[in-house]
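In: coordinates only, sequence not included:
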Ligand code: ARG
């Protein structure tokens, strides 16, 4: 039901299929780590992705609360060089610096897609642990028509597993309740790889396409199309579940109809629901949505290291 009410999610038609793992009895960081690996294994299923949420102990207002410090279970490191340029994902530069201060070392040859370790707070401890390779499914990106695309060396992880939001019910708050669905292609193709503040691949792709970035006024649009084609094609090639934005839009509108029939109106944030490419070619663009969030829900919370306990743990375990 919390997923059903998540105002930024276009994928909510499938809310009834969520598998929920009750991990409320786990207390120490090691078992939380193990449960996260188990979550990834059970959710990935070699690409036949299952939406899943693992729910750890609720907030009790005391020390020893559980938090996963990572934004997602799977994320790539970002390293800012002395020249100011970033290798990897610029979104994770600060977090990468934080995990390094906690003792994590990047691979001997740092790359653009180095998986970050999990940082887990539990039982008054903070542990940093790498993910075993076999728990992580990734997709190498190629384009069905352009042989040069593969040489760009792009890849992405198969499972989006948000780990820093809280599950809030009428009477309890679960600050650690990682959940996953499957990707909509544009999350990767348009935003993660296309945004100027992320991997910023549009200029490189436009160049390969032989586009003139001054005279061809729609060069970015062409590059976006090609990179999004590559994402959908490559996920399908590997049998990894992915949805395109047109289908996701149709499914969301079906969800709205079903909710209406059930006597509920879907609450949603328009700017998050509408896909980042071809917006007006999708149905979700052409209407507005009420926005009065209901409980239970999945909500943002303050970054773990900015909570009193998190700040104390960071001071104790970080070296300058
Ligand atoms: N947009 C985020 C990303 O690109 C993932 C957010 C959740 N997405 C999902 N399809 N469940 O990693």
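Out: Here it is on my side, so go on. Nothing here was measured: the structure is a model prediction, and the numbers come from that model.
In: ok, now how distant is residue 49 from the ligand?
Out: As judged by CB to the nearest ligand atom, to the nearest Å, residue 49 and the ligand stand 10 Å apart. Using the backbone N, CA and C atoms, a C-beta is placed for each residue, glycine as well.
In: which residues touch that residue?
Out: 43, 158, 159, 180, 181, 182, 240, 241 (CB atoms under 8 Å, 6 or more residues apart in numbering).
In: show me where the stretch 101-250 of the chain has strands.
Out: 118-122, 125-129, 138-140, 155-157, 161-162, 166-168, 173-174, 179-180, 183-184, 242-243 (DSSP state E, counting those that start in this stretch).
In: would you list these in a markdown table and tack on mean pLDDT?
Out: A markdown table is the format used below for the strands of the stretch 101-250 of the chain (pLDDT from 0 to 100):
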| stretch | mean pLDDT |
| --- | --- |
| strand 118-122 | 98 |
| strand 125-129 | 97 |
| strand 138-140 | 99 |
| strand 155-157 | 99 |
| strand 161-162 | 99 |
| strand 166-168 | 98 |
| strand 173-174 | 98 |
| strand 179-180 | 99 |
| strand 183-184 | 99 |
| strand 242-243 | 99 |
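In: relative to residue 15, which of the ones you listed is closest?
Out: Closest to residue 15 of the strands of the stretch 101-250 of the chain is strand 179-180 (CB to CB; 11.2 Å).
In: listing partners with orientation, what would you give for the closest one?
Out: Using DSSP bridges, the strands paired with strand 179-180 are strand 52-56 (antiparallel), strand 161-162 (antiparallel).
In: and the contacts of that strand?
Out: Here strand 179-180 has contacts from 3, 18, 39, 43, 49, 51-54, 73, 159-162, 165, 298, using CB under 8 Å, 6+ apart.
In: how much space separates residue 138 from residue 164?
Out: 21 Å (CB to CB, to the nearest Å).
In: would you mark the buried spots in stretch 52-69?
Out: Going by neighbour count (16 or more other CB atoms under 10 Å), the buried part of stretch 52-69 is 52-59, 65-69.
In: contacting residues for residue 143?
Out: 149, 150, 226, 229, 230, 233.
In: what residues does this structure put near the ligand?
Out: 11, 72, 160, 162, 181, 183, 184, 187, 192 (CB under 6 Å from any ligand atom).
In: try 8 Å
Out: For the chain, the contact set with the ligand under CB under 8 Å from any ligand atom comprises 9, 11, 72, 75, 160, 162, 179-184, 187-188, 191-192.
In: now these: which count as buried?
Out: 9, 11, 72, 75, 160, 162, 179-184, 187-188, 191-192.
In: so residue 125 is in contact with residue 29, correct?
Out: Yes - assessed by CB atoms under 8 Å, residue 125 is found in contact with residue 29 at 5.1 Å.
In: the more surrounded of the two?
Out: Per other CB atoms under 10 Å, whichever of residue 125 and residue 29 has more neighbours is residue 29, with 21 against 14.
In: could you verify my assumption that the more buried one touches residue 124?
Out: No - counting by CB under 8 Å, residue 29 does not reach residue 124; the two are 9.3 Å apart.
In: could you pull out the helices in the stretch 201-320 of the chain for me?
Out: Using DSSP state H, counting those that start in this stretch, the helices of the stretch 201-320 of the chain run over 202-208, 219-237, 245-261, 270-273, 308-317.
In: report the beta-bridge partner residues of the residue of the stretch 201-320 of the chain found nearest the ligand.
Out: With CB to the nearest ligand atom as the measure, residue 243 is the residue of the stretch 201-320 of the chain nearest to the ligand, at 8.2 Å. Residues in a beta bridge with residue 243, per DSSP bridges, are residue 184.
In: which ones are touching it?
Out: Residue 243 sits in contact with 11, 182, 183, 184, 185, 251, where contact means CB under 8 Å, 6+ apart.
In: how close does residue 80 sit to the ligand?
Out: 21 Å.
In: tell me how many other residues surround that residue.
Out: When neighbours are defined as other CB under 10 Å, residue 80 has 15 of them.
In: also residue 261?
Out: For residue 261, the neighbour count with other CB under 10 Å is 8.
In: what's the answer for residue 319, then?
Out: 7.
In: what comes up buried for stretch 92-104?
Out: Applying 16+ other CB under 10 Å to stretch 92-104 flags 92, 93, 95, 96, 98, 99, 100, 102, 104 as buried.
In: now, which of the contacts of residue 49 sits nearest the ligand?
Out: Taking the contacts of residue 49 together and measuring to the ligand by CB to the nearest ligand atom, the closest member is residue 181, at 3.6 Å.
In: spatially nearest residue to that closest one (excluding sequence neighbours)?
Out: Among residues not flanking residue 181 along the chain, residue 51 sits closest, at 4.7 Å (CB to CB, 6 or more residues apart in numbering).
In: wait, that neighbour sits on residue 18?
Out: Yes - Residue 51 is within contact range of residue 18, at 4.9 Å (criterion: CB under 8 Å).
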